Structures are given as C-alpha cells and as structure tokens.
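*Asks:* For reference, the sequence and a predicted model appear below.
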Amino acid sequence: MHVNEKDINEQIRWAQINADVLRSMENPRPAYWVAVAVCIAMVSCAVLAEIYQYNEGLGVTNLNNPHMWNMYIATFVFWIGMSHSGTLLSAILHIIHADWRKPIYRFAEAMTTFSLLTAGFFPLIHLGRIWNLYWVLPYVSDRGVWPNFRSPLSWDAFAISTYLSASAVFLYIGMIPDLAICRDNAKGWRKALYTTLSLGWRGDDRQWRNFRKTYMLLACFLIPLAVSVHSIVSADFAMSIMPGWHVTTFPPYFVAGALYSGCAAIITLFVILRYFFRFEEYMTTAIMEKTCKLTFAIAMVWTYLNLIEFASTWYGHNIYDKEVLIYKATGPYAWIFWTMIFCGSVAPFALAIQKWRRHMPTMFVVSLLLNLGMYFERWMIVAPTLAMSYEPHQFYMMYGSIVQWAIVFGSFGWFGLLFLIFVKVFPSVSMYEVKEMVFHRRRHLDHDTAVNLGRRARDTGKPATESH
C-alpha cells in the first residue's frame, strides 16, 4: 500500500495542533494564576460594595435628581457594546470565509457571552430592589402584573436575554467538534464533562454536513440580532426628549461604538492569550495586523459619526442641545470629553503604522487606550445631559461615589475571571478550523507550485520537477 509522504506530514501537523491547544488548557504560564488572583480580589471588592449598598440603600451612590442614571448605566452600555464584536464579527467573517478569523474567533465569541453576563448585573444593581427583578418579565399572575413595555428596562431585558441565549448557542455549537477531541484525550472529571457536552460527536460525513448548515444558519441569524440589540440600547436614550439624547443617528452610532470597543478588547485578549498559553504560532502577527486594520476602519467610522453629531448640533436650531455640547467641551466634564476624543479618534492612528501593529506590547497599550476612550464616551452620553437638562434647578455635576467605582472596578474582575476560567477549561483556539486553514493554505501553495513548474517547463522546453 502506497503511503503519501505529504499526507503523513499533514497528520503530524494536525496532531501538533491538538497537542498545543490541549497543553494550553493544562499548563499556562505562571502569569495566568497571578491574573486569576487579581480578578478574584477585584470581584471581592465589588461584592463588599454591593452588600453595603444593599444594606444602606441607593443613597450611598449619590444617585438623585437629576442623576437618576449615572455610572451604572454608562457601564451597562459599555459592556453591551463590548459584547458585539465577538459574535457579530465572527458571524460576518464566517459567512465571507475569512480564514484569519479561525484562530481567534473562539475567545472573541466567549468575550461576547461574558460581557453580556457582566452587563446584565448593572440594571439589577441600579434597580436597588433586586428582589423585584421578575417585574420586568412578562409573566401571568393573580395580581395581573405585567411590565410597562414603554420602559427601557423592559426593552433591555428582552434584548439582553435574546442576544445572550443566541450567542451562547452559537459559541457552544461551534465548539462541539473540539469538545470531542478533548473528550478523546482527557481523563477524570474533564472526560465526563466533555463526553456530555460533545453530544456523541463522531465526525462522520452526515454530522459534518448538519453541523455546517446549523452553524451557517446561526451566523446569518445573529447578524441582524446583534445590530438590533444595540439599536434597542440606543433607543433607551434616543426615545427621550432630553437634550443630547434625542438624536436620530444614535442607533448606527451605538453599533459603530460597540464594534469599536469590541475590536479593541479582542486586541487586548489576543495579546494576553498569546502570552499566557504560548500561542505565537497560531495568533500570528499577520492576524494581529488584520485585526488592527479592521479596528482602525471602525474607529474612523465612529469618528465620522461623532463629527456628524457635533455638526448637526452646532448648526441646528435646538439651543438646549447646543448648550449641552458646549458644556461637554468646556464644562467640568471637559477633561473626560477631550480624553475621549484623544483615545477614540487620535490614538487609533497608531494602528495605521505597520511597525507598531506588529509590536505586541504597543498594541496592548493602544487597545487599553481605545477602550478607555470608549468608556468615557459612554459616560459623556449619560452624565452631561443629566447635569445640564432643561430646568436650572437640575444643574448638578456628579462623579460616581466610591461604592459605584468599586462595583464598576469589580465588574472588570468578574469578566476577567469568567474568561480565564473558560480558556482553562475549554479550547480557546478552534482546533478543527485551524486544521482547515492549514489544509487550504497547503492546497493553495501546491497549486501555486504546480503553476510555477508548468511555466518553467513552458519557458525552458524541459520537464520541470520540484526540488526538495
């Protein structure tokens, strides 16, 4: 029986992919455990602050008239925005068959799920009376209590629950072939877990056909869903008559901002995972460059939409909107406003420099600056409008109390802890899709080699053979 040497090499390569990814789940760098400890400390800080707020009431947050919304809602919008890039970009790039997404889409989709789980806490914390959570859900009871469908709280409840369910299913379905690989190589509790989650995957032709159809169908479903979810979040503001909020461009502006902050977070997590799990061979500088170019393009779209909003307000006839814009640029929140402009519109030009795009520490710092700018952007949407509303007696500048800061600080630890647990238990790089990428690349190179040999034979008039 003739054995093709190239097939043997390909099998060895595929076995190496399995070994590298499985080893990452067992033996990360020591810095991984330091990051876990830091995240636990941050979560503990938030839990203590929430217990204090629960016992003392919302008065400890300084929330009052007119600041009934403040840091909690700004942080809620930030986390909802960060959730969009993972699943949305993964779905879009899957439909257009972009191979460079394959080593990074798994952790990006996980980022979506954990961002939504983090965002869901803030309406509850802002509600104060957490035990009344079920009031926002449409349930039938003897009291006949139904939610007020004109309330943004109800809109957000439907949006978050729908998007979280769809994103979790999309993430899980995409992992099934890899879970079967983990099942075949694991022992103990891991083997029992992977056996249950892999749903008896055998990898035969029928299963792969059904898997491809299901995954493509979910990708097509998630794209309009993701856009609609953040449009609903923008409607929380745009449906009001408050100056600075009643803006028709808010839905595309919020979607662009969501993609922007999500892409910046992908760059941050890309660098972290690349270091923690020694994924330099899979998370390459070429993939980083493509991600940075995409982030830069979205940053320019976001900047353009910002300029449209500023120009329409400045040249419009609504004096209240104009006063809020001037207040943002020159008032007590001016330092936040100009930091937002620098981090969101100036810092992205670092992504346009090829030398910097290929330098991981630089990209890590730049991605943190981009997300700092996007957090400040959410703050500048909420706080200045409430501090400069229609009635002079409502004029009141406010920064978050230490309780709010502690809970917001802890939310980043909660997200980080969920993410770090996920990448330790589940493969953060899609093994089967990386194998497909290697196979397609090899086939493409073989085709190019054959074409070049044919041209050489045609030019020289002699049979050409590939040298080894």
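*Replies:* Structure received.
*Asks:* Give me the contact list for stretch 217-229.
*Replies:* 80, 84, 87-88, 90-92, 94-95, 159-160, 162-163, 166-167, 169-170, 173, 255 (C-beta atoms under 8 Å, 6 or more residues apart in numbering). C-betas here are computed from N, CA, C, even on glycine.
*Asks:* Any of these buried? List them.
*Replies:* Among the contacts of stretch 217-229, the ones that count as buried by 16 or more other C-beta atoms under 10 Å are 80, 84, 87-88, 90-91, 94, 159-160, 163, 166-167, 170, 173, 255.
*Asks:* of these, closest to residue 393?
*Replies:* Set against residue 393, the nearest of those by C-beta to C-beta is residue 80 (32.1 Å).
*Asks:* Excluding sequence neighbours, find me the nearest residue to that closest one.
*Replies:* Distance criterion C-beta to C-beta, 6 or more residues apart in numbering; nearest residue to residue 80, sequence neighbours excluded, is residue 119 at 4.8 Å.
*Asks:* Could you pull up the residues touching the closest residue to residue 256 other than its chain neighbours?
*Replies:* The shortest distance from residue 256 to any non-neighbouring residue, by C-beta to C-beta, 6+ apart, is to residue 302 (4.5 Å). Residue 302 makes contact with 253, 256, 257, 260, 344, 345, according to C-beta under 8 Å, 6+ apart.
*Asks:* Please work out the average pLDDT along the helix or strand hosting the second one.
*Replies:* Assigned by DSSP states H and E, residue 256 belongs to helix 250-276. Model confidence over helix 250-276 averages 86 on the pLDDT scale.
*Asks:* Can you name every helix or strand that it contacts?
*Replies:* helix 30-56, helix 71-95, helix 105-119, helix 205-238, helix 285-314, helix 360-387, helix 402-425 (3 or more C-beta pairs under 8 Å, 6 or more residues apart in numbering; DSSP states H and E).
*Asks:* Would you tell me which of those gets closest to residue 193?
*Replies:* So among the helices and strands packed on helix 250-276, helix 402-425 is nearest, using C-beta to C-beta, at 7.8 Å.
*Asks:* Show me what that closest one is packed up against.
*Replies:* Helices and strands touching helix 402-425, by 3+ C-beta pairs under 8 Å, 6+ apart, are helix 30-56, helix 71-95, helix 105-119, helix 121-127, helix 250-276.
*Asks:* Residue 371 reaches residue 267, doesn't it?
*Replies:* No - using C-beta atoms under 8 Å, residue 371 makes no contact with residue 267, being 9.3 Å away.
*Asks:* tally of neighbours for the residue nearest to residue 344 when sequence neighbours are not counted?
*Replies:* The shortest distance from residue 344 to any non-neighbouring residue, by C-beta to C-beta, 6+ apart, is to residue 373 (3.6 Å). Neighbours of residue 373 under the rule other C-beta atoms under 10 Å: 25.
*Asks:* any idea how far residue 247 is from residue 312?
*Replies:* 8 Å (C-beta to C-beta, to the nearest Å).
*Asks:* more crowded one of those two?
*Replies:* residue 247 (18 against 14).
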